[in-house]
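J.: Got a predicted structure plus its sequence, pasted below:
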Amino acid sequence: MAQTNNEVRETLSKFLRAVESRDIERIMAFFNEDAQMFSPMGIFPSRLDGRAAIGKQFGAILEAVKAQAGGALKLDPQDIDVRELGTDAALITFHLKMPGPLHRRSFVMTRNSGGWRIAHIHASIASPV
């Protein structure tokens with residue numbers, strides 16, 4: 001149990017560092033081919049199915065970051081909770097310390113021969129009301 005928790009946390013950390021690097025290939029290597037995502041971006045209102053669709057969304061995020069913050073990006077996960085869902089799956093919930101409303105994240109990760117990979121992300125921004 002502790003080993004899974006540590007492995008999942010380490011994978012999450014590496015993923016967040018990849019996003020900070022703004023290297024789309026490095027980011028996408030963390031996703032299962034059939035991964036799904038709910039994006040916090042209004043231009044992606046539906047579920048994103050598959051690595052290619054998720055890659056387009058991350059490309060848009062990186063462009064928005066470049067335009068708003070000059071390209072600087074620091075992701076600081078808070079209140080990380082890891083729950084095992086059997087021997088090869090885990091649910092990770094946390095929020096990102098960012099200005100403005102609460103940025104919530106839920107990840108489902110699965111373990112395969114390549115290690116832990118993202119199967120699903122649900123990203124949301126808390127409404128102020």
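T.: Great, that's in hand.
J.: Show me what the helix or strand of the chain with the lowest mean pLDDT is packed up against.
T.: Within the chain, no helix or strand scores below helix 51-69, which has a mean of 86 by mean pLDDT, DSSP states H and E. For helix 51-69, the elements it packs on are helix 24-28, strand 31-38, strand 48-49, judged by 3 or more C-beta pairs under 8 Å, 6 or more residues apart in numbering; DSSP states H and E. Bear in mind the C-beta positions are built from the backbone N, C-alpha and C, glycine included.
J.: closest to Arg83 out of the ones you listed?
T.: Closest to Arg83 of the helices and strands packed on helix 51-69, according to C-beta to C-beta: strand 31-38, at 18.7 Å.
J.: Going by neighbour count, which residues of the closest one are buried?
T.: Residues Phe31, Asn32, Ala35, Gln36, Met37, Phe38 are the ones in strand 31-38 that count as buried (16 or more other C-beta atoms under 10 Å).
J.: Report the angle between the least confident helix or strand of the chain and strand 31-38.
T.: 60 degrees (axes from the mean of the first three to the mean of the last three C-alpha atoms, to 10 degrees).
J.: Which strand or helix spans Phe15?
T.: Phe15 belongs to helix 2-21 when assigned by DSSP states H and E.
J.: Just the C-alphas of that helix, formatted as CSV.
T.: What follows is helix 2-21, C-alpha atoms only, in CSV (Å, rounded to 0.1, in the frame of the first residue of the first chain):
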residue,chain,number,x,y,z
ALA,A,2,2.7,2.5,0.9
GLN,A,3,4.7,1.6,-2.1
THR,A,4,1.8,2.2,-4.5
ASN,A,5,1.1,5.5,-2.7
ASN,A,6,4.7,6.6,-3.2
GLU,A,7,4.9,5.4,-6.8
VAL,A,8,1.6,7.2,-7.7
ARG,A,9,2.8,10.4,-6.0
GLU,A,10,6.1,10.3,-7.8
THR,A,11,4.3,9.8,-11.2
LEU,A,12,2.1,12.8,-10.4
SER,A,13,5.1,14.9,-9.6
LYS,A,14,6.9,13.9,-12.8
PHE,A,15,3.7,14.7,-14.8
LEU,A,16,3.4,18.1,-13.2
ARG,A,17,7.0,18.9,-13.9
ALA,A,18,6.4,17.8,-17.6
VAL,A,19,3.5,20.2,-17.8
GLU,A,20,5.7,23.0,-16.3
SER,A,21,8.3,22.2,-19.0
